[in-house]
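Trainee: Quick one: sequence plus predicted model below, questions after.
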Amino acid sequence: MKNYKLKKITIILLCSVFILIIGLYRGDSRKVMAETDDIYSSLKLFSNVLDIVEHAYVEDVDTKEALYGAINGMLSTLDPHSSFMTADEYKELKVETTGKFGGIGIEITIRSGMLTIVAPIEGTPGEKAGLKAGDKILKVDNKLTKDMSIMQAVKKMRGKKGTKVVLTIIREGFVRARDFEITRGIIPIHSIRSMLLEDGYGYVRITNFRKETANDLKKALVKFKKESGPLKGLVMDLRNNPGGLLHQAVQVSDLFLDNGLIVYTKGRITAQQMRFTAHSTNSQPHYPIIIIVNEGSASASEIVAGALQDQKRAIVLGMQTFGKGSVQTIIPLDNGSGIRLTTAKYYTPSGKSIQAKGIVPDIMVSQVKIDIKDEGKNGNSGQHFIREADLEHHFENDQADKESKTEGLNDDVKKLLKNDRQLNWAYRLLKSWDVFARVSDNIKVEISESK
C-alpha cells in the first residue's frame with residue numbers, strides 16, 4: 001500500500017512539473033503557478049477520495065477499473081462525443097472502420113442527457129427491428145443507460161452473430177417505453193448500394209463512410225457509364241447516414257468538384273487548422289445531382305451535402321440534418337487503450353457551422369408513405385381511367401418496339417419510387433431538370449435566330 005501511495009504522489013508531482021514547464025515555456029509563469037496549485041489540490045483531492053473508496057467501500061474495488069472510470073468521467077463532461085476506450089474497445093473501433101464486426105448496426109450519441117440513436121445503418125438488424133433516428137435508449141438488456149458512456153453502451157450492444165440484445169426505447173408517439181429484442185448480426189463493411197433508375201439516371205445509397213467508400217463509389221459510377229452511357233443525372237442518398245471517416249467524406253465530395261473548398265476545420269492547436277480543397281483530376285462530368293438527407297444524416301454525410309450545396313454543385317432535398325459539426329481525433333495510449341477527443345469544429349465552404357443546426361435542404365420534403373393501392377396500367381394510384389388501349393378492337397401501335405427506354409422503368413425501381421416519397425421527388429426533379437435544359441436550349445436557339 002505504501003508503494004501504491006508513493007506511485008500516486010509521484011504521478012501528482014509529475015503532472016504539476018509538466019504544467020509548470022509548459023507555463024514557463026509560454027512565458028506566463030505566475031498564471032501557470034496558480035493553475036498548478038489548483039490542479040495539484042484537485043489531484044490530491046482525487047487521491048484522497050480513491051483512498052477512501054479503497055478502504056471503506058462495501059466491496060473490494062478494482063483500482064484500475066476505478067481509474068478508467070474517472071478518466072472516462074472527465075472526458076464525458078466535455079461533450080457527448082469525447083470518451084475513453086479500453087484496449088479492447090480501441091481494437092473494436094479500428095475494426096469498425098476497416099472490417100466486419102458483430103452487433104446491431106446503429107450509430108448513437110448523447111442528446112439532452114439521454115442515449116439517442118443518430119441512425120440505424122441500412123440492412124442491419126437494428127433497422128430491420130424497426131429502430132429509428134431520434135429513438136431514446138432507456139435501457140440495454142434491462143440496465144438503465146443513465147450515466148452510461150457511448151463506448152460502454154456500444155460494448156453492451158456488440159456481440160457474436162446470433163446472440164440477442166434487448167433495447168428499451170422511448171419514441172415520440174409512444175405512450176410508454178417499448179422493448180425491441182434484436183438478434184445481432186455481422187455488420188457489413190460495404191457502404192455503397194447502387195442501381196440505375198433508368199438509362200442515364202443513377203441512384204447511389206451511401207450508408208456510412210468507411211475506408212473504401214470513395215473507391216466503391218467510383219466503381220459504381222464506372223458501372224453506370226458502362227451499362228447506360230454517360231449519366232444525365234444522379235441521386236445521392238445520404239439518409240440515415242451517421243457519418244464515419246472525414247477523409248472519405250472529402251474524397252467523395254472531390255469526385256464531383258473541380259476546384260474550391262470542400263470543408264475546413266478550426267481547433268485550438270495548429271494541427272487541427274485544416275483546409276480541404278477539390279482537385280480537377282478524375283472529377284465527374286457536370287451532370288445534375290440531387291442529394292437526399294434527413295434527420296439521421298450526420299457528421300461526414302453533412303460535410304458532403306454542405307460542400308456540394310455551397311459550391312452550387314447539387315440540390316439538397318429532404319429534411320434538416322442531425323447537426324454534428326465537430327471532429328473527433330482518436331489518440332492511442334501506451335497501454336493499448338485510447339481516447340476519442342473532440343479537437344475541432346468543421347465548417348462548410350461558405351463558412352457555416354452546422355453544429356446543433358444541421359444542413360437545411362434547398363427543397364424540404366418529408367418522408368410520408370405514399371398510399372398506392374393499385375398502380376393500374378396508366379400509373380394513377382387507386383384509379384383506372386378508360387383509355388384508347390382499353391377499347392375493344394383498338395389499333396395497335398406499330399412503333400411499340402421503339403418505345404423510349406425512359407418509359408420502361410423496371411419493377412424494382414417502380415416499387416422503390418412508389419414507397420419512397422423523397423426519392424420519388426428527387427427522381428422527378430432530375431427528369432424535369434433534363435426537360436427544362438432542353439427547352440431552355442431551344443429558346444436560346446430561337447432567340448439567336450430571331451436576331
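Mentor: Nice, thanks for sending it over. Numbers count the residues shown, from 1 in each chain.
Trainee: now the helices: where do they sit in the stretch 1-150 of the chain?
Mentor: All helices of the stretch 1-150 of the chain, identified by DSSP state H, counting those that start in this stretch, fall at 2-26, 29-56, 63-76, 87-98, 125-128, 150-157.
Trainee: next helix or strand past the last one?
Mentor: Put plainly, it is helix 150-157. Heading C-terminal from helix 150-157, the first helix or strand you meet, by DSSP states H and E, is strand 164-170.
Trainee: Quick one: distance of the helix or strand just after that following strand to the chain centre.
Mentor: Counting by DSSP H and E, the element after strand 164-170 in chain order, helix or strand, is strand 178-183. Offset of strand 178-183 from its chain centre (Cα atoms, centre = their mean, to the nearest Å): 23 Å.
Trainee: Next SSE downstream of strand 178-183?
Mentor: Proceeding N to C from strand 178-183, the next assigned helix or strand is strand 185-187, under DSSP H and E.
Trainee: got the buried residues for that next one?
Mentor: Gly185, Ile187 (16 or more other Cβ atoms under 10 Å). Where you see a C-beta, it was placed from the backbone N, CA and C, and this is true even at glycine.
Trainee: and the helix or strand following that strand, C-alpha only, in CSV?
Mentor: With elements assigned by DSSP H and E, the helix or strand that comes after strand 185-187 is strand 192-198. Provided in CSV are the C-alpha atoms of strand 192-198 (Å, rounded to 0.1, in the frame of the first residue of the first chain):
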residue,chain,number,x,y,z
ILE,A,192,-22.3,1.7,-51.2
ARG,A,193,-25.5,0.4,-52.8
SER,A,194,-26.2,1.5,-56.4
MET,A,195,-28.7,1.0,-59.2
LEU,A,196,-29.9,2.6,-62.4
LEU,A,197,-33.3,4.2,-62.0
GLU,A,198,-33.4,4.2,-65.8
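Trainee: For the residue nearest to Ser228 when sequence neighbours are not counted, what are phi and psi?
Mentor: Setting aside the residues directly before and after it, Ser228 is nearest to Asp199 in space (Cβ to Cβ, 6 or more residues apart in numbering), at 4.1 Å. Backbone torsions of Asp199, given as degrees, to the nearest 10, read phi -60, psi 120.
Trainee: my guess is Asp199 contacts Lys225, does it?
Mentor: No - using Cβ atoms under 8 Å, Asp199 is not in contact with Lys225, being 11.3 Å away.
Trainee: quick one: low-confidence ranges for the stretch 301-450 of the chain?
Mentor: Along the stretch 301-450 of the chain, segments meeting pLDDT under 70 span 368-387, 390, 399-408, 440-450.
Trainee: for Ile192, what are its contacts?
Mentor: Ile192 sits next to Val204, Arg205, Ile206, Thr207, Thr213, Asp216, Leu217, Lys219, Ala220 when contact means Cβ atoms under 8 Å, 6 or more residues apart in numbering.
Trainee: Please tell me how far the closest residue to Ala278 other than its chain neighbours sits from Ile291.
Mentor: Nearest non-adjacent residue to Ala278, counting by Cβ to Cβ, 6+ apart: Leu257, 3.6 Å away. As for Leu257, its distance to Ile291 is 13 Å (criterion: Cβ to Cβ, to the nearest Å).
Trainee: what's the overlap in contacts for those two?
Mentor: Leu308.
Trainee: picking that back up, neighbour-wise, which of the contacts of Ile192 leads?
Mentor: Within the contacts of Ile192, Ile206 tops the neighbour count with 30 neighbours, counted by other Cβ atoms under 10 Å.
Trainee: What score does that one have for pLDDT?
Mentor: With respect to pLDDT, Ile206 has a value of 95.
Trainee: That one contacts Asn241, correct?
Mentor: Yes - applying Cβ under 8 Å as the test, Ile206 and Asn241 come out as touching, 5.8 Å apart.
Trainee: hey, what's in contact with both of those two?
Mentor: Ser301.
Trainee: what separates the residue nearest to Gln355 when sequence neighbours are not counted from Gly130, distance-wise?
Mentor: Leaving aside its chain neighbours, Gln355 sits nearest to Gly325 (3.4 Å; criterion: Cβ to Cβ, 6+ apart). As judged by Cβ to Cβ, Gly325 and Gly130 stand 29 Å apart.
Trainee: Looking at these two, which one has more neighbours?
Mentor: A side-by-side neighbour count of Gly325 and Gly130, using other Cβ under 10 Å, places Gly325 first with 24 against 13.
Trainee: give the contact list for the more buried one.
Mentor: Glu302, Lys345, Tyr346, Tyr347, Ser353, Ile354, Gln355, Ala356, Lys357.
Trainee: Include neighbour count when you put those residues into TSV, please.
Mentor: Compiled in TSV, the contacts of Gly325 are given as follows (neighbours: other Cβ atoms under 10 Å):
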residue	neighbour count
Glu302	28
Lys345	16
Tyr346	26
Tyr347	21
Ser353	15
Ile354	25
Gln355	14
Ala356	11
Lys357	14
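Trainee: Narrow the residues you listed to those in helices?
Mentor: Using DSSP state H, the members of the contacts of Gly325 that fall in helices are Glu302.
Trainee: for the contacts of Gly325, which one is nearest His247?
Mentor: Distance to His247 across the contacts of Gly325 (Cβ to Cβ) is lowest for Tyr346, with 12.4 Å.
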